[in-house]
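Peer 1: Show me how the following folds:
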Amino acid sequence: MSLSRREFTRLLALGGMAGLMPGALRATARGAGDGAALYQAPPFGNLRLLHITDTHAQLNPVWYREPNVNLGIGPALGQPPHLVGEALLKHFGIAPGGRQAHALTFLDFDAAAQRYGKVGGFAHLATLVKQLRAEAGEGRSLLLDGGDTWQGSGTALWTRGQDMVGACNLLGVDIMTGHWEFTYQDTEVIDNLKAFKGEFVAQNVSISDEALFDYKFADFPGFDEGSGLAFKPYTVRELNGTRVAVIGQAFPYTPIANPQRFIPDWRFGIQDERMQEMVERVRAKEKPDVVVVLSHNGMDVDLKMAARVSGIDVIFGGHTHDGMPAPTLVENAGGKTLVTNAGSHGKFLGVMDLEVGDGKIKGYRYRLLPVFANLLAADTEMQAYIDQMRQPYLGRLTEQLAVTETSLFRRGNFNGTFDQVILDALRQAGDAEIALSPGFRWGTSLLPGTPITMEDVLTQTAMTYPETYVREMKGSELKTILEDVADNLFNPDPYLQQGGDMVRVGGLDYVCSPNQGTGQRIAEMRLDDGRQVEADKTYKVTGWATVGSQSPGRPVWELVAEYLRGQKTLALKKVNATKLVGVDGNPGLA
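Peer 2: Numbering: from 1, shown residues only. Below is the predicted model of the structure:
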């Protein structure tokens, strides 16, 4: 049954006593300076739900810099997840300067990363998962994966995601949903899901009417001809007498943000009405004690869905890579829903402990644990698997292309320094005035003085539609592109945000007013030489990763690798800047 507001008020108080109030978070941060207390998470209640999301195929530990620009517009202004740096720490009551502050923010990133080391890595994550599951007791935990797991590395691309399926099987993932998984061919998706030992759930992926007549994956266990759904919409697990229903929500805009041609028979969407019907059906038929939605909506969409759909106890969210140290409590017609998001790239593990009884949640404790590789011994079985899987590719992966003199990163609403490297490489290879690169949120970071390897380039570019292009484009077309992406990113209605950050632009600076309306956000577009872009004038533009028809050029990683080999030592001369107007005081900007 859904929790009443009175019950959730009491639940929130219990959650605070169990470790969610700001004072407790500050104590944890202070006590974990050397890592001694960081992973002390004694069980609470009778059910433990573990959550990873957006690991983007990073099997080994990485550096990953959080954004200094994550603007909240309209109702999202000043609300999680649109908080960065000191504003985020203050909101959640976390002391600056410690391991948690480093994990959650970009503050003093280079020095802190040197001090605290790399994060993530499936072997280190496996150690933590085993520890937490053992503490909870046999048969009292589930490991949930929010998707974007099979894409983001050279080995994932070359094995078509099979390396990550094997790693997730070893990790013990029980249930997952997806997004970038659907950027492989549909036949590859189905083959990988057949090899996956857990369950894949998605209530919002249906089969087109034309394909349903003679569906080529009719033998897949999740297919239901009666509902027209391609995958199981939900699953129910009984843990120590507690019934947990998990409903899947795949990324709703997959055919818009990524090529439909790879998955021609599947249709996506937010599907609020179906979700409400699904929740009510699950509660009536399955009589669960807890209803969970495993989502890849993005946190803003999850917050809106939580307000519109009643009967959901917890949403474990992904897609926007937001590491949130505490859930957001959202009111709806049936009570309230907890909304969480567990970051990306294997950097965090979300841990939610629930006290469940009499068919309802009586209390909870939530912790977002950063996975510091130097504090967690590598699991021997997982490390052996990773080493064996990578061995055939090591020669190519470890090729040193150049050494960077600056910190390289991607994450943020606008150009990052690694984005600039890609843009500069594109412009040089295409002899173009302007370069465009998608605002992907995936991609790891590098510290100054670090060698840039082919593997590092692939963490920024490894995908199934990497082809480049060079074409003539009018100034008016360029403005339309920037306006369209800005409207996607800064639309105050989360349901009109379709994923990703602002398109990265090389050779061009411009002014952006995020609070303005459609078609009114972009102004003063100027080339690097100072010339203003004219609407009717034609410019030579290069780019990559077209969603429609396949581009004719070489894969982008080849161009970036050639560029870096020629540089030897990388010193960025300029990072193309965006001047922001009307956002002074926005806590999503630092």
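
Peer 1: which ones are touching G519?
Peer 2: Counting by C-beta atoms under 8 Å, 6 or more residues apart in numbering, G519 touches E483, D487. Yep, even glycine has a C-beta here, placed from its N, CA and C like the rest.

Peer 1: brain fart, P288
Peer 2: So, once contact is read as C-beta under 8 Å, 6+ apart, P288 ends up touching V236, R243, V244, A245, V282.

Peer 1: Kindly state the beta-bridge partners for the fourth one.
Peer 2: Using DSSP bridges, the bridge partners assigned to A245 are V236, V291.

Peer 1: what about it, distance to D289?
Peer 2: 9 Å (C-beta to C-beta, to the nearest Å).

Peer 1: and if you look at the third one?
Peer 2: When C-beta to C-beta is applied, the distance between V244 and D289 equals 7 Å.

Peer 1: circling back to that earlier point, buried ones only from the contacts of P288, please, as a ChimeraX command.
Peer 2: The ChimeraX selection below is limited to those of the contacts of P288 classed as buried (16 or more other C-beta atoms under 10 Å):
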select :243,244,245,282
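
Peer 1: any idea which of the contacts of P288 is closest to L447?
Peer 2: In terms of C-beta to C-beta, no member of the contacts of P288 lies closer to L447 than V244, at 41.2 Å.

Peer 1: Go ahead and confirm the closest one touches L47.
Peer 2: Yes - V244 lies in contact with L47 (C-beta atoms under 8 Å); the separation is 7.0 Å.

Peer 1: what residues are shared contacts of these two?
Peer 2: V290.

Peer 1: And for F316, the neighbour number?
Peer 2: 30 (other C-beta atoms under 10 Å).

Peer 1: A103 now?
Peer 2: Burial of A103 is recorded as 24 neighbouring residues (other C-beta under 10 Å).

Peer 1: which residues sit in contact with it?
Peer 2: For A103, the contact set (C-beta under 8 Å, 6+ apart) comprises V119, G323, K347, F348, P370, F372.

Peer 1: can you pick the most crowded of the residues you listed?
Peer 2: In terms of neighbours by other C-beta under 10 Å, the contacts of A103 top out with K347 at 31 neighbours.

Peer 1: what ranges do the helices span in the stretch 251-400 of the chain?
Peer 2: Along the stretch 251-400 of the chain, counting by DSSP state H, counting those that start in this stretch, helices occupy 254-257, 272-286, 299-308, 380-390, 394-397.

Peer 1: Out of these, the one nearest A167 is which?
Peer 2: helix 380-390 (6.6 Å).

Peer 1: So V173 is in contact with G146, correct?
Peer 2: No - the pair V173 and G146 fails to qualify as a contact (C-beta under 8 Å) at a distance of 10.4 Å.

Peer 1: Neighbour count: those two, which is higher?
Peer 2: Regarding V173 and G146, a neighbour count based on other C-beta under 10 Å identifies G146 as having more, with 32 against 23.

Peer 1: any idea which helix or strand carries D219?
Peer 2: Assigned by DSSP states H and E, D219 falls within no helix or strand.

Peer 1: Distance check, it against D509.
Peer 2: 54 Å.

Peer 1: now do R237
Peer 2: Distance of R237 to D509, computed by C-beta to C-beta: 52 Å.

Peer 1: Over to G137?
Peer 2: From G137 to D509 the distance is 57 Å (C-beta to C-beta).

Peer 1: the domain parsing of the chain - what is it?
Peer 2: Annotated domains of the chain cover 5-27+47-62+118-386, 398-580 [automatic domain parsing].

Peer 1: Looking at the shortest one now, give me its mean pLDDT.
Peer 2: This points to domain 398-580. Taken as a whole, domain 398-580 has a mean pLDDT of 97.

Peer 1: now swap in stretch 326-344 and tell me
Peer 2: 96.

Peer 1: Can I get it in PDB, CA atoms only?
Peer 2: Taking Å, rounded to 0.1, in the frame of the first residue of the first chain, the C-alpha atoms of stretch 326-344 are listed here in PDB:
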ATOM      1  CA  ALA A 326      20.300  12.100   0.500                       C
ATOM      2  CA  PRO A 327      16.900  11.400  -1.100                       C
ATOM      3  CA  THR A 328      14.400  14.000  -2.100                       C
ATOM      4  CA  LEU A 329      11.000  13.500  -0.600                       C
ATOM      5  CA  VAL A 330       8.200  14.300  -3.100                       C
ATOM      6  CA  GLU A 331       4.500  14.700  -2.200                       C
ATOM      7  CA  ASN A 332       1.800  13.200  -4.400                       C
ATOM      8  CA  ALA A 333      -1.900  12.300  -4.200                       C
ATOM      9  CA  GLY A 334      -1.200   9.100  -2.400                       C
ATOM     10  CA  GLY A 335       1.500  10.200   0.000                       C
ATOM     11  CA  LYS A 336       5.200  10.700  -0.600                       C
ATOM     12  CA  THR A 337       8.000   9.100  -2.600                       C
ATOM     13  CA  LEU A 338      11.700   9.100  -2.000                       C
ATOM     14  CA  VAL A 339      13.800  10.000  -5.100                       C
ATOM     15  CA  THR A 340      17.500   9.100  -5.200                       C
ATOM     16  CA  ASN A 341      20.300   9.300  -7.800                       C
ATOM     17  CA  ALA A 342      23.700   7.500  -7.400                       C
ATOM     18  CA  GLY A 343      26.100   9.300  -9.600                       C
ATOM     19  CA  SER A 344      28.100   7.600 -12.300                       C
END
